[in-house]
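1. this one's sequence-less:
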């Protein structure tokens, strides 16, 4: 397992932008499958976006065209650029990781074995 630390959350008005970061302690970060999940109040945690070790990305439909996931292997960091934010994007955002080299993106919680502590994103209307 690897230690993950999210940052970049905050309060923003609808239509605004935020960039989340997830710093990983892994020595071989480039080998990791990474993902972003979120959990809104009284709702289950849901997949938002993921990137595999080769840089292939995948998004949940509700964020396509607004969010962009990326990774900087030299900095051991994954990002989530969130534009055109909506009140329904309000949630605690978690990053997740797994040391696995596969040609597709992991989209379910059970497939990841390392999690960050979460960062709050609040979008006001």
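-> Thanks, I have it. Model, not experiment: these values are computed from the prediction.

2. can you tell me the centre-most residue of the chain?
-> When the chain is reduced to its mean C-alpha position, the nearest residue by C-alpha atoms, centre = their mean turns out to be residue 36, at 2.2 Å.

3. which one is that residue nearest to, not counting chain neighbours?
-> residue 48 (4.4 Å; C-beta to C-beta, 6 or more residues apart in numbering). In this view, the C-beta of every residue, glycine as well, is placed from N, C-alpha and C.

4. name the residues that touch the helix or strand harbouring the one you found?
-> According to DSSP states H and E, residue 48 maps onto strand 46-51. Taking C-beta atoms under 8 Å, 6 or more residues apart in numbering as the criterion, the residues outside strand 46-51 that touch it are 33-39, 57-60, 63, 67, 69-71, 78, 80, 93, 105-109.

5. that one pairs with which strands, parallel or anti?
-> Strand pairing for strand 46-51, determined by DSSP bridges: strand 32-39 (antiparallel), strand 57-59 (antiparallel).

6. now the very next helix or strand once past the shortest one: mean pLDDT?
-> This means strand 57-59. Toward the C-terminal end, the helix or strand that comes next after strand 57-59 (DSSP H and E) is strand 67-72. In this model, strand 67-72 has a mean pLDDT of 98.

7. check which helices and strands strand 67-72 sits against.
-> strand 32-39, strand 46-51, strand 57-59, strand 77-82 (3 or more C-beta pairs under 8 Å, 6 or more residues apart in numbering; DSSP states H and E).

8. report the buried residues of the second one.
-> When neighbours are counted by 16 or more other C-beta atoms under 10 Å, the buried residues of strand 46-51 are found to be 47-51.
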